[in-house]
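K.L.:
sequence and predicted structure below; questions after.
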Amino acid sequence: MKSFENKVAAITGAGSGIGRALAYGLARQGCHLALADVNSEGLAETAEQARKLGVQVTESTVNVADREAVHAWADQVVLDHGRVNLIVNNAGVAQGGTVEGNDYADYEWIMNINFWGVVHGTKAFLPHLKASGEGHIVNVSSVFGLFSQPGMSAYNATKFAVRGFTESLRQELDMAGHGVSASCVHPGGIKTNIAKTARMNDSLSKVTGQGADQARQQFNDQLLRTTPDQAAQVIMRGVLRNNRRILIGADAWALDAMQRLMPTLYQRLVVGSMRLAARFAPKPKRSAASQEMPE
């Protein structure tokens, strides 16, 4: 793909964050949009603003965990736009908790969205991308698809899975030579709502020294540095360069380098830093009732 002008891009998770920023960035370059999200209100806002940029925009409320719904959406995109050149499998959620503290349902929930959502989007749109003669698949992983961290086993599992799936896909597309390529995106800390909406259970306190709400707030305040607009620009540039791996943010580049230089030793460094952080983490405030002396 050498240009986005007069192309058609389908984006999941377009109701906010990176998905919304990508919609605006692509529209400014003359790319028509097919937008999807489970949040119909946020989706409608993105679509309304994107239309003001002079491109054709369609919107669909889609749960990426629903295979039939994603395939139906892909077919509808082609009916509405005549073709599709780009699918951005961006929709995702976060979950925090220890392996012991997590339920099986926690793993199933996040896997259905973060991993199966990517598989559904890829398989549903790939035939249409091939038919267009010029297509690209963008699958959003994370820095947590490059290295692991205590208390993030569910999220790590999904993002490592997206990375492995996409890298294998890219090799197959290279061999096929039919004008379709793929990139795997590894964002660092992006200022989106993912931390605020993350599911976290109290078992996370064993590795952070904090309650779930405190850990969520600290992650949101201290680690989310890159704006969605900056992330969108990096992704768009990476697609035009046909990059296999797209790293977003200085933190992503640093963690990628750390994992390459210390593929196993980094785990000890992470454990050490987490223990130190937990030791000095502010303790949850006790309620007034809990501070009363027993009679």
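P.N.:
Arrived safely. Numbering: from 1, shown residues only.
K.L.:
for this structure, give me the ranges with low pLDDT.
P.N.:
Within the chain, the set of residues satisfying pLDDT under 70 comprises 191-197, 205-206, 208-224, 277-295.
K.L.:
biggest helix in it by residues?
P.N.:
helix 153-176 (DSSP state H).
K.L.:
put the alpha carbons of that one into PDB.
P.N.:
Provided in PDB are the C-alpha atoms of helix 153-176 (Å, rounded to 0.1, in the frame of the first residue of the first chain):
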ATOM      1  CA  SER A 153      -0.900 -13.500  32.500                       C
ATOM      2  CA  ALA A 154      -4.300 -13.300  30.800                       C
ATOM      3  CA  TYR A 155      -3.400 -10.100  28.900                       C
ATOM      4  CA  ASN A 156       0.100 -11.400  28.100                       C
ATOM      5  CA  ALA A 157      -1.400 -14.600  26.700                       C
ATOM      6  CA  THR A 158      -3.700 -12.800  24.300                       C
ATOM      7  CA  LYS A 159      -1.100 -10.300  23.100                       C
ATOM      8  CA  PHE A 160       1.600 -12.900  22.600                       C
ATOM      9  CA  ALA A 161      -1.000 -14.900  20.700                       C
ATOM     10  CA  VAL A 162      -1.700 -11.900  18.400                       C
ATOM     11  CA  ARG A 163       2.000 -11.500  17.800                       C
ATOM     12  CA  GLY A 164       2.500 -15.200  16.800                       C
ATOM     13  CA  PHE A 165      -0.600 -15.300  14.700                       C
ATOM     14  CA  THR A 166       0.300 -12.100  12.800                       C
ATOM     15  CA  GLU A 167       3.900 -13.000  12.200                       C
ATOM     16  CA  SER A 168       2.900 -16.400  10.800                       C
ATOM     17  CA  LEU A 169       0.200 -14.700   8.700                       C
ATOM     18  CA  ARG A 170       2.700 -12.200   7.300                       C
ATOM     19  CA  GLN A 171       5.000 -15.000   6.200                       C
ATOM     20  CA  GLU A 172       2.200 -16.700   4.400                       C
ATOM     21  CA  LEU A 173       1.200 -13.500   2.700                       C
ATOM     22  CA  ASP A 174       4.700 -12.900   1.600                       C
ATOM     23  CA  MET A 175       4.800 -16.400   0.000                       C
ATOM     24  CA  ALA A 176       1.400 -16.000  -1.600                       C
END
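K.L.:
what does that helix contact?
P.N.:
92, 94-99, 102, 106-107, 110-111, 113-115, 118-119, 122, 137, 139-142, 144-146, 148-149, 180-184, 186, 244 (Cβ atoms under 8 Å, 6 or more residues apart in numbering). C-beta: built from backbone N, CA, C; applies to glycine.
K.L.:
tell me the buried residues in stretch 25-43?
P.N.:
Going by neighbour count (16 or more other Cβ atoms under 10 Å), the buried part of stretch 25-43 is 25-27, 29, 31-39, 42-43.
K.L.:
gap between Glu108 and Asn102?
P.N.:
Computed as Cβ to Cβ, to the nearest Å, the Glu108 to Asn102 distance reads 10 Å.
K.L.:
and for Arg241?
P.N.:
38 Å.
K.L.:
which of these two has more residues huddled nearby?
P.N.:
More neighbours surround Asn102 than the other of Arg241 and Asn102, with 20 against 11 (other Cβ atoms under 10 Å).
K.L.:
and the gap between Val162 and Asp37?
P.N.:
18 Å.
K.L.:
go on, Ala232?
P.N.:
With Cβ to Cβ as the criterion, Ala232 and Asp37 are 16 Å apart.
K.L.:
next: Gly101.
P.N.:
In terms of Cβ to Cβ, Gly101 sits 30 Å off from Asp37.
K.L.:
how about residues contacting stretch 114-132?
P.N.:
8, 10, 12, 64-67, 70-71, 73-74, 77-78, 83-87, 89, 91-93, 135-137, 139-140, 155, 157-159, 161-162, 165-166, 169, 178-180.
K.L.:
just the ones in strands from those residues, please.
P.N.:
Counting by DSSP state E, these place 8, 10, 86-87, 89, 135-137, 139-140, 180 in strands.
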